[in-house]
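Colleague: mind looking at a prediction? Sequence and model below.
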Amino acid sequence: MINLLSTLFTSALILLFITAALAPFESLGWWAGWFGEQTTPPVPGQVPTAGHAVEQSPHNHFLVYLSGIGAVDPTAIPQEEIDWGRLAMKRIPQTTFVPDVYPYSVTNTGLGAQRFFSRMWNYLEQRRLKNPYDALQFLINIRNLFQVAISADRRYGPIYNLGVAKEIIKALQLRGYPLGSGKPVTLVGFSGGAQVSLGASSFLKPMLKAPVRIISIGGVMSDDVGVRAMDKLFHLWGNLDPLHGLGEKLYAGRWPMFPNSDWNQALAAGKIEFVNMGEMHHNGSTNYFSWTAFTPQGQSHALATIDMINTLLVNEGLIDAEAVRAAQSATDAQARAYSDVRVAA
Amino acid sequence: MFEFFWYVWRGITQSMALNPRVAEVVEQSPESGRVVLVIAILGGMGLLLGQSVILFVNRVRPARFVLSLLLNGIVFTISLVVWALAIWAIGRFVFQTQPPLGLVMRLVGLSAAPYVFGVLVLIPYFGEFIYRVLSVWSSIIAVGATAFSFAVGWWPAFLVVGGSWLLIWALTNTLGRPLLAARNRAWQVVSGTSMDASVADILTQFAVQGGEGDEQRKP
């Protein structure tokens, strides 16, 4: 029995190593043109275009949401993020939402549309739809975790982050963002999505020629060179979140002993701000998106996170405080209903 | 055939385990040269596979990618032969023992064994650390091979290996320049590109297009 367990463990470890070693091939192959994707790498000096005309958005502010590592494609993300996003779109005013980017693919191709393992990913997604806490979804997390590590790795990061930046620009245009308008863009990234936001900002800033801000929700971020390009990074973190601090432990450029690193320089310049969210976890029923866990003031975690984003956007002069108050009044009842239904369940 | 690759696998794993029995087998069996040759070529291929981002950045086509790996296997094997020659020459000068050159070559060739796992260098985040581990591991095998060849302790062997690195460095920067030029030319022919592009160029080309980020980068 011990021999069998030992063999299984060794096999799993070898499989994990092989999967990790092969993980960069997707983005590297895209860059080299190996897989014949329709989405080709961008050309220096040219801003990627969506291909067809779209009516311009009336808003002056655009918010791109990059989901956590549980996502299978832009729409197949954990239910908690979907519910949170639905209310956020109503409660954050004067803003066009762009939830269409899958941050774990350089071509914005969801796992279900991939050639080799699509059946496996679709099967896992079906299981998750039946049971949001299905144990096998850790395979999705591991796959996407490797992509986050690729984004943060300086050997691969520039290729990966350029690919995602290209897809963000295309998605912005499809939501009515006029290229060259200089309209500010805020990237909201949860967990690994924050790292991808940071990496992509290196390319978004010069291509859009617009202010680029990042709001990290419990983000695990490296000392990515993107901190040079972006205008402001707000890192929302919960006291009970053990994962958000991984970045500052794993990446030497975030250690205080290297004051000249990109991260520490940006920190000293006031470009990075840490925002404490109280007793919130990274995962589970008391995370940043929870409708059933409440702050001492009686607000659900989900609502507190949305309202914190509102506060930051108001402080940055991107939306009006008056409009926020109006949006909050208009959605308070719906937010309560969200919580009531889930608490009752 | 299977038996041969079994010997190759045993040669790789036992060399990495620093099993002295491997050196004894290599000494007693000149036929082991073929096994060592395959290990050296596989090591060179693994080494480049782990650092293949440079091939992807230069948009090397799949067939040429495989040819490039093979070429690196051959180039790496030649570099091991040169290294063995340097160790043999210095060792003969420093020590009393005069081992056959073929034996030193076969034993030094075993130092390629850790690089067979060079593909692991591709692993994001940990890859560069893994590369350093493999390099140190390879050096330890080379020192062990030198100690066995000249029947000396680890420290004298370490000094000889260090001396051989210095000798090769000096030769590379003087007499070896035409050879390096020929190697680079071979690279260009096999890969089908000039191999000029680097990952840093992607940042330069796309991340500094005259946007506001440029201003922030100025001191």
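Modeller: Perfect, I can see it now.
Colleague: burial measure for B:Val53, as a count.
Modeller: 20 (other CB atoms under 10 Å in any protein chain shown). For the C-beta atoms, the positions are set from N, CA and C on the backbone; glycine is no exception.
Colleague: check contacts around it.
Modeller: A:Pro24, A:Leu28, A:Arg155, A:Tyr156, B:Leu122, B:Val199 (CB atoms under 8 Å, 6 or more residues apart in numbering or on different chains).
Colleague: out of the residues you listed, what pair is the most spread apart?
Modeller: With CB to CB as the measure, no two of the contacts of B:Val53 lie farther apart than B:Leu122 and B:Val199, at 13.8 Å.
Colleague: for the stretch 1-150 of chain A, which spans come out with low pLDDT?
Modeller: A:115 (pLDDT under 70).
Colleague: ok, back up a step: using PyMOL, make a named selection holding only the buried ones among the contacts of B:Val53.
Modeller: Only the buried entries of the contacts of B:Val53 go into this PyMOL selection, using 16 or more other CB atoms under 10 Å in any protein chain shown:
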select buried, (chain A and resi 24+28+155+156) or (chain B and resi 122+199)
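Colleague: which one of the contacts of B:Val53 is nearest to A:His59?
Modeller: For the contacts of B:Val53, the nearest to A:His59 is A:Tyr156 (34.3 Å; CB to CB).
Colleague: measure that closest one to chain B for me?
Modeller: From A:Tyr156 across to chain B, the span is 6 Å (CB to the nearest CB, to the nearest Å).
Colleague: now the residue of the stretch 201-345 of chain A found nearest chain B: which helix or strand?
Modeller: Closest residue of the stretch 201-345 of chain A to chain B, CB to the nearest CB: A:Pro206 (2.9 Å). A:Pro206 is part of helix A:192-208 when elements are defined by DSSP states H and E.
Colleague: give me the neighbour count for B:Met105.
Modeller: 22.
Colleague: what's the first helix or strand after the strand or helix carrying B:Ala40?
Modeller: Here B:Ala40 sits within helix B:32-50, counting by DSSP H and E. Counting by DSSP H and E, the element after helix B:32-50 in chain order, helix or strand, is helix B:53-57.
Colleague: can you name the next helix or strand after that next one?
Modeller: As assigned by DSSP H and E, the chain's next helix or strand after helix B:53-57 is helix B:62-94.
Colleague: wouldn't A:Ala323 be in contact with A:Pro93 here?
Modeller: Yes. Between A:Ala323 and A:Pro93 a contact is recorded at 4.0 Å, counting by CB atoms under 8 Å.
Colleague: those two: which is more packed in?
Modeller: Shown here are A:Ala323 and A:Pro93; by other CB under 10 Å, A:Pro93 has more neighbours (21 against 15).
Colleague: just give me the closest of the contacts of B:Val53 to B:Leu55.
Modeller: A:Leu28 (8.7 Å).
Colleague: now do the contacts for that closest one.
Modeller: Contact analysis of A:Leu28 by CB under 8 Å, 6+ apart lists A:Tyr156, A:Ile159, B:Ser52, B:Val53, B:Phe56, B:Val57.
Colleague: neighbours of the residue lying closest to the last one once chain neighbours are set aside, how many?
Modeller: Distances taken as CB to CB, 6 or more residues apart in numbering or on different chains place B:Ala197 nearest to B:Val57, at 5.0 Å, with adjacent residues excluded. Counted with other CB under 10 Å, the neighbours of B:Ala197 add up to 15.
Colleague: with A:Pro58 instead?
Modeller: 8.
Colleague: from B:Thr97, how far out is it?
Modeller: Applying CB to CB, to the nearest Å, the value for A:Pro58 to B:Thr97 is 86 Å.
Colleague: same question for B:Ser194.
Modeller: 47 Å.
Colleague: return the residues of chain A in contact with chain B.
Modeller: A:17, A:20-24, A:28-29, A:31-34, A:42, A:44-45, A:146, A:149-150, A:152-156, A:158-159, A:162, A:202-203, A:205-209, A:211, A:225, A:228-229, A:250 (CB under 8 Å from any CB of the partner chain).
Colleague: are any of the residues you listed buried, and if so which?
Modeller: A:17, A:20-21, A:23-24, A:28-29, A:31-32, A:34, A:42, A:146, A:149-150, A:152-153, A:155-156, A:158-159, A:162, A:202-203, A:205-209, A:211, A:225, A:228-229, A:250.
Colleague: out of those, which sit inside helices?
Modeller: In this view, those that belong to helices under DSSP state H are A:17, A:20-21, A:28-29, A:31-32, A:146, A:149-150, A:152, A:158-159, A:162, A:202-203, A:205-208, A:228-229, A:250.
Colleague: hang on, the earlier thing: who does the helix holding A:Pro206 touch, helix- and strand-wise?
Modeller: With contacts taken as 3 or more CB pairs under 8 Å, 6 or more residues apart in numbering or on different chains; DSSP states H and E, helix A:192-208 sits against strand A:61-66, helix A:138-152, helix A:157-174, strand A:185-190, strand A:212-217, helix A:226-229, helix B:199-207, helix B:212-217.
Colleague: want to throw the ones you listed into JSON lines with distance to A:Leu111?
Modeller: Below are these laid out as JSON lines (distance: least, CB to CB, whole Å):
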{"stretch": "strand A:61-66", "distance to A:Leu111": "16"}
{"stretch": "helix A:138-152", "distance to A:Leu111": "7"}
{"stretch": "helix A:157-174", "distance to A:Leu111": "15"}
{"stretch": "strand A:185-190", "distance to A:Leu111": "18"}
{"stretch": "strand A:212-217", "distance to A:Leu111": "22"}
{"stretch": "helix A:226-229", "distance to A:Leu111": "25"}
{"stretch": "helix B:199-207", "distance to A:Leu111": "25"}
{"stretch": "helix B:212-217", "distance to A:Leu111": "32"}
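Colleague: among those, show the one with the smallest mean pLDDT.
Modeller: Here these differ in mean pLDDT, and the lowest is helix B:212-217 at a mean of 39.
Colleague: nearest approach to B:Ile141 belongs to which of the helices and strands packed on helix A:192-208?
Modeller: helix A:138-152 (29.8 Å).
Colleague: for that closest one, which positions count as buried?
Modeller: So helix A:138-152, judged by 16+ other CB under 10 Å, has buried residues A:Ile140, A:Asn141, A:Arg143, A:Asn144, A:Leu145, A:Phe146, A:Gln147, A:Val148, A:Ala149, A:Ile150, A:Ser151, A:Ala152.
Colleague: widest-spaced pair of the residues you listed?
Modeller: A:Ile140 and A:Ala152 (19.0 Å).
Colleague: helices and strands of chain B: which one bottoms out on pLDDT?
Modeller: helix B:212-217 (a mean of 39; mean pLDDT, DSSP states H and E).
Colleague: tell me where the model's unsure across chain B.
Modeller: In chain B, residues with pLDDT under 70: B:208-219.
Colleague: tell me how far B:Leu179 lies from chain A.
Modeller: The value you get for B:Leu179 to chain A, if CB to the nearest CB is used, is 28 Å.
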